[in-house]
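> with the sequence up front, the predicted model follows.
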Amino acid sequence: MTKKFVAILIAVIISLSLMISASAYTYAYIADSADKLTYGEEEELEVLAEGIESTYGVCIMVGIVDETNGTSDNEYAQKIYTDNTDNENGLILVHNDSESTYGVFTSGNAKEILDDEAVNEMRDAYNSNESYYGGISDYYKTAESLLASGETASDNAETITTDDDTSDEKDGVGIIWIPVSLGIGLLIGFLIINSIASKNKSVYMQKNATVYTRPGSMIITGSADHFLYSNVERREKPKQENKN
């Protein structure tokens with residue numbers, strides 16, 4: 001009964017960890033491999049970027065790196081963008097901090113509004129602030145302003161959207177993965193405990209106590225009495241009477 005309880009407990013823990021990791025997965029808007037932002041700052045900037053994508057359908061990303069692994073800044077920007085989102089409409093600005101250079105990649109319908117002039121304006125906003133957090137924040141505010149003005153300036157203003165509506169999928173994986181993760185966790189836990197329990201089946205309770213002793217080890221070849229304590233009694237020696 002105890003083994004089954006432990007198996008169930010392990011399975012539940014594993015499945016919960018899988019569920020949490022799966023449901024918490026989201027695309028990253030901020031690629032800070034240079035570690036210029038704190039965790040709290042990065043979270044706040046992610047919220048700004050997510051709000052822009054949910055409103056305009058455009059994924060605006062930014063990266064801060066120390067090296068590009070031998071590739072050009074623009075190629076490295078494209079790699080970061082494609083590795084972190086499947087939204088075909090978007091833009092990323094990558095700041096190579098060690099070289100003080102920039103890489104830009106623009107994709108899909110975002111090119112209609114975020115042209116070279118708009119990109120320069122966003123980059124200037126980033127550079128106008130002394131802190132990395134403040135610069136990226138201004139970068140996102142400028143991008144939002146450009147998207148809003150570009151949308152309202154057209155005769156037939158329409159929000160830029162993707163064909164597969166990937167912005168709706170950014171919050172995480174589908175709910176179908178929750179029972180799938182639970183089932184995988186239960187199966188893994190069951191297999192682990194069964195494997196452990198199977199190794200203990202080679203030992204069974206025996207009715208005869210001699211099975212648990214080595215032959216010849218119980219033969220007594222000698223004996224001796226050993227006393228840990230002794231009592232000493234003292235008695236007065238009787239005096240002999242003088243008969244003379």
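Great, that's in hand. Numbering: from 1, shown residues only.
> quick one, strands of the chain?
30-32, 59-65, 90-96, 101-107 (DSSP state E).
> hmm, residue 114 is touching residue 144, no?
No. At 11.3 Å, residue 114 does not count as touching residue 144 under the criterion of CB atoms under 8 Å. Any C-beta I mention is one placed from the backbone N, CA and C, and that applies to glycine too.
> who has more neighbours, those two?
residue 114 (23 against 18; other CB atoms under 10 Å).
> ok, the more buried one - contacts?
Residue 114 makes contact with 58, 91, 106, 122, 143, 146, 147, 150, according to CB atoms under 8 Å, 6 or more residues apart in numbering.
> residue 233 is nearest to which of the strands of the chain?
Within the strands of the chain, the stretch nearest residue 233 is strand 30-32; the backing value is 90.6 Å (CB to CB).
> what strands line up against that closest one, and which way round?
Sheet pairing for strand 30-32, assigned by DSSP bridges, gives strand 59-65 (parallel).
> so for the strand it pairs with, mean pLDDT?
Mean per-residue pLDDT for strand 59-65: 95.
> which other residues reach that strand?
Against strand 59-65 from outside (CB under 8 Å, 6+ apart): 27-34, 36-37, 45, 49, 52-53, 76-77, 80-81, 84-85, 87, 89-97, 126, 132, 136, 139-140, 143, 167.
> and the residues you listed, which of them are buried?
Buried members of the contacts of strand 59-65, scored by 16 or more other CB atoms under 10 Å, are 27-32, 34, 36-37, 45, 49, 52-53, 76-77, 80-81, 84-85, 87, 89-96, 126, 132, 136, 139-140, 143, 167.
> next step: those restricted to helices.
The members of the buried ones among the contacts of strand 59-65 that map onto helices under DSSP state H are 45, 49, 52-53, 76-77, 80-81, 84, 126, 132, 136, 139-140, 143.
> the nearest residue to residue 31 once chain neighbours are set aside: neighbour count?
In space, and not counting its chain neighbours, residue 31 is closest to residue 63: 3.7 Å by CB to CB, 6 or more residues apart in numbering. By the other CB under 10 Å criterion, the neighbourhood of residue 63 contains 27 residues.
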